[in-house]
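Colleague: here are the coordinates; sequence isn't available:
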């Protein structure tokens, strides 16, 4: 039985706690939050869980094996560091840290201490992303042309982080998971309309070593909610519409090929168009399977695919994005 | 009766000719194309129109008052210049020219010769754009936050121009028409996947003097066809979906306001959400009313709103976009 | 403080109990279910509620003021009768009873005992239906032409009732609520494909005294889920799409008028087409406000609009529908 | 070269004439219409076609091999009869005739004269219907449960026929084509709101010998345009949405099976849910291939599948539908 302490019971914490509470093989023994009203709620629902307001009562409790850190981003580093240094495995909310220096330090610490860091990139555990991964790994799309992601709505403004840090970790972690190539540079442009200190509208472009290009539209000021990703390849093309109830993924058997004929100046384009296929997508709660995977990695002393390094890779892009935005869209190498 | 010569009978030329042929107050007297098969087609449908293969037989025919130039972009300058110098009004296909130097020269020539140049930005004459203009001019959206345009599909590749020059003139002309502010800089990133000399995927960002930001996704390699523009403002938000049969425009009575309360560190956000309104949009053929407007401007010696300068403004952005793409997304001042 | 006993804790019971539990002014003191596993669940979540397996321990408990009956349809009559005869107000799941004789008897009993019966036609408390009622009551649609409802999906088969009894109470209660006219006859056709004793596909038509016509498509075997109602009138037309996230209701400013001109044999039709308007719809949980309304009616000794008579009106149509189905679609007078 | 005369140049006639004009192997030699303005239009576009106002100049012209009859329904019988009696093959607009007695008479006459009658059920020649036929013929859907068709919009009112006669021929011809079983009875209910003599809203139900049921919603007074058919079977289910640009057909790999376990009173339902597949659909003009098929049938002296009998089968249902409507929905045996 792995003993768990949950730190943070704000917006997402209740989901993390609930899943650790009900998963087989773990026992949540303590929960920490600075806000006593929230702790009262915890005691109401889970009378058997100890509640504390000082996280060190968790990170330094020798009876606890692993902690889940579900606090604001700027606190992640200190808490996670303290936890690792006290021999805990860490389940860490995304984005992993405020800087990549911090992320790298946590990765190094965990490695040295032989502890697991898992960054909560929940989308990687959805049926949709798992299915897309399967399709891409089989090479069904051919060579990838572009990855275009739109995640916009009239969103809840964050005070401490901009729209890129708030929304892009979802899409960046998915991109890194799906595409084995390394991104090499970032260009980002943002605008702050409501709170002049925090961008609410941003466009992010990522280049890879070849002509693969990725682009992200992130927005808290859109009249409509869109969560759509297009992945275009030389053989087929894919659309992932996360808001669709029944057809989250569609694979289009279409494309265009260039033919060069002798003596001709121009390429001839040959357009292909075929069936559309929408595979069934598993509907189970992603966080539930992620939490089970965390326990499994601990038990088998296995590095998770969404480990500290995966978290650090995302933070590096977010950091580069900030730098690019500050410099009016200048290209920042990764 | 204004006598018209049409130069170019390829993809779009037949529509231009047909509309000039049927509009009240004009008479198409001649049509030019280098391809004799196309001219045969013209003679079949319009036995009363003279067909020629040398455009100078039109630009220099003293009986002709105005010419419509519907040829490939790289030929626009020479033909239009010859036409103006020979005292013709010019209806010029978009994009106006291959460079802004050429566009500016045509503008100057036309001014000196007191001739009208109208650039065929057809979208400005659609019911949808006219309705949006009306809404924006009344200030219904409040201060504008962003203008986001997506025009993508599995498109017909052009050989001589990239996807920005092919598709963006539609959206840039609409942006300039709707928004009275001046764009100040352009960042663009593109990728060429099929024909390595011609970008088929591009993202264009335009900044204005204030925080208004415009963004354009242009793509010939998308599995799905999207033609959608979001315009977000401080009072209301608007979506223009040009592919919708019945609800091309929707106005969302929603938004977010920041409130500062004394002694509080963070802004409080107040979210508003209300009705959605989809105004009826006039369905007449845009080109028909544009052609009538061209004749009207000639008759009343009036400068059209889609004049040479409007065309040159679009070309300047396209040119800056090319420069930005070549320099990996570097910001180019307009 | 009104003391509540909840009878039945199957599919819908937990929602009813939860709402009575949290509403201001009521106290749930007991819960009955024949299944002891379910009662265990109740004790887990609500340790302060007494659990019993014999409903008479609730209906005959003098400390209880009102009971909620959330059991299979065929048990409604006996339980509700016992409750009323023991001086309880009754909140009764829909459909109210298995026959209209039973429904009428309950209505009479409640009247005599001066007790309230409220039939749980939850949809009447949704923001969408309330908004449509408001629009109809203002006469915005003009004279009503037809009411067309489709409620289909790959549905959970019921064993004891057919698809009409399962799904139509929603739509019939809405129809009766929205339209003040009396339905006069029913024609229904059904087919049973999976369980030969229970129709899974049915079409129901209702005629009114004038040419208003109502039609219902009810289906457990549809590949797609549709919950859509069209209401067409002489002035405007309305579509209610209950599955739409943001635009549940749309009002179409369109229609057709007949003009008779002297000396003409045929009517001339004049088609109107205008804006589409999608009013914002309140999103609160319908059952929550229904439960509050039940308490309010008790406190103020007021007859609810969804009273026993409203429930009996629906049962009468269901009963007539069964008779019509059995007779191959024969018209049954109401 | 088969010589064709076209009778009727109103709404649909121009399409029929254009297709016969351009198809290989036929020559349109004459066109008849009572309205001289329309004939002027014919002469303008097709100067080589003789125009007449008396159809007998076509039906009795010995140089003509076949006539296309594209006139109002009530005239079909007389014209077609005259044509057949004068040795012509007949391409006859749908619905074939005003009564099934007339239809049967034409069928008999044509048989005797060894002439072909083809009824213009154009939908049978669309890519969508051909693809569905292919799927059904392979048995992919298993046993059929129901065929549900909705064809509604704010439609052009007809003066001489009601909404059933106007719209249902499309769907009935498709049903008969796709489903090999014989319909056995019809129940129909209609309402007339605008022109009190002509139903504008109607619901038609058709029963087959087994539990297969077909249903049709036909409406000229709907705010929204819907053209959707659901076909549900024991193995798979299909949706045909004729208004979809890219996904006209979707096949759902879902269903429900009943299991009986020993000793259990109730059936256990097992729900299946799988991928959705949208096959590509051929986009060519249906009428073009129908017209070619007509010529082909004449040349090879072959009975078309959309022959007079197919037309008569549809008329019989329309006739039964009228009888049922007049009798308040009474079941009419076919």
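Modeller: Received the coordinates, thanks. Computed from a prediction, not measured in an experiment: that's the story for all the values here.

Colleague: Tell me the helix or strand right after the longest helix along chain A.
Modeller: If each helix of chain A is counted by residues according to DSSP state H, the longest one is helix A:308-326. With elements assigned by DSSP states H and E, the helix or strand that comes after helix A:308-326 is strand A:332-333.

Colleague: Give the pairing partners of that following strand; include direction for each.
Modeller: Partner strands for strand A:332-333, per DSSP bridges, with pairing direction: strand A:183-191 (antiparallel).

Colleague: Show me which parts of the strand it pairs with are buried, residue by residue.
Modeller: By 16 or more other Cβ atoms under 10 Å in any protein chain shown, the buried positions in strand A:183-191 come out as A:183, A:185, A:186, A:187, A:188, A:189, A:190, A:191. For glycine as for every other residue, the C-beta is placed from the backbone atoms N, C-alpha and C.

Colleague: the inter-axis angle of it versus helix B:308-326?
Modeller: Here strand A:183-191 runs at 150 degrees with respect to helix B:308-326, directions being taken by axes from the mean of the first three to the mean of the last three Cα atoms, to 10 degrees.

Colleague: quick one: the helix or strand following strand A:183-191 to chain centroid distance?
Modeller: Secondary structure here is assigned by DSSP H and E; on that basis, the next helix or strand after strand A:183-191 toward the C-terminus is strand A:201-208. Relative to the chain's own centre, strand A:201-208 is displaced by 16 Å; criterion: Cα atoms, centre = their mean, to the nearest Å.

Colleague: so does strand A:201-208 get close to chain B?
Modeller: Yes - Strand A:201-208 lies within reach of chain B by Cβ under 8 Å from any Cβ of the partner chain, at A:201, A:203, A:205, A:207.

Colleague: Which elements pack onto that strand?
Modeller: The elements that strand A:201-208 packs onto, with contact taken as 3 or more Cβ pairs under 8 Å, 6 or more residues apart in numbering or on different chains; DSSP states H and E, are helix A:163-178, strand A:183-191, strand A:213-219, helix A:308-326, strand B:201-208.

Colleague: Next, count neighbours for residue A:177.
Modeller: Around residue A:177 sit 19 other residues, with neighbours defined as other Cβ atoms under 10 Å in any protein chain shown.

Colleague: Determine the number of other residues adjacent to residue A:153.
Modeller: Counted by other Cβ under 10 Å, the residues lying close to residue A:153 total 16.

Colleague: near chain C, which residues of the stretch 101-250 of chain A?
Modeller: Where proximity means Cβ under 8 Å from any Cβ, the interface of the stretch 101-250 of chain A facing chain C comprises A:224, A:225, A:245, A:246.

Colleague: What is the nearest of those residues to chain D?
Modeller: Closest approach to chain D among these (Cβ to the nearest Cβ): residue A:246, at 7.0 Å.

Colleague: Please parse chain A into its domains.
Modeller: Per automatic domain parsing, the domain ranges recorded for chain A read A:2-115, A:124-283+A:317-333.

Colleague: rank those by mean pLDDT and give me the bottom one.
Modeller: Between the domains of chain A, the one with the least mean pLDDT is domain A:124-283+A:317-333; it has a mean of 93.

Colleague: That domain: how far from the chain's middle?
Modeller: Here the centre of domain A:124-283+A:317-333 is set off from its chain's centre by 13 Å, with Cα atoms, centre = their mean.

Colleague: Report the separation between the two terminal residues of it.
Modeller: The distance separating the two terminal residues of domain A:124-283+A:317-333, taken as Cα to Cα, to the nearest Å, comes to 26 Å.

Colleague: rewinding a little: turn the helices and strands packed on strand A:201-208 into JSON lines, including distance to residue D:147.
Modeller: Formatted as JSON lines, the entries for those read as follows, by distance: least, Cβ to Cβ, whole Å:
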{"stretch": "helix A:163-178", "distance to residue D:147": "41"}
{"stretch": "strand A:183-191", "distance to residue D:147": "52"}
{"stretch": "strand A:213-219", "distance to residue D:147": "43"}
{"stretch": "helix A:308-326", "distance to residue D:147": "51"}
{"stretch": "strand B:201-208", "distance to residue D:147": "44"}
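
Colleague: Just put the buried residues of strand A:183-191 in TSV and tack on distance to residue D:85.
Modeller: Written out in TSV, the entries for those read as follows (distance: Cβ to Cβ, whole Å):
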residue	distance to residue D:85
A:183	79
A:185	81
A:186	81
A:187	79
A:188	80
A:189	78
A:190	80
A:191	78
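
Colleague: did I read that right, residue A:109 in a helix?
Modeller: Yes - the assignment for residue A:109 by DSSP: H, G, I helix; E, B strand; the rest coil puts it in a helix.

Colleague: so which strand or helix has the closest residue to it other than its chain neighbours?
Modeller: On the basis of Cβ to Cβ, 6 or more residues apart in numbering or on different chains, the spatially nearest residue to residue A:109 that is not a chain neighbour turns out to be residue A:84, at 4.9 Å. For residue A:84, the host element (DSSP H and E) is helix A:73-85.

Colleague: Show me what the helix or strand that that helix is followed by is packed up against.
Modeller: For helix A:73-85, the following helix or strand on the C-terminal side (DSSP H and E) is strand A:89-93. For strand A:89-93, the elements it packs on are strand A:66-69, helix A:73-85, helix A:100-113, strand A:117-120, helix A:286-299, judged by 3+ Cβ pairs under 8 Å, 6+ apart.
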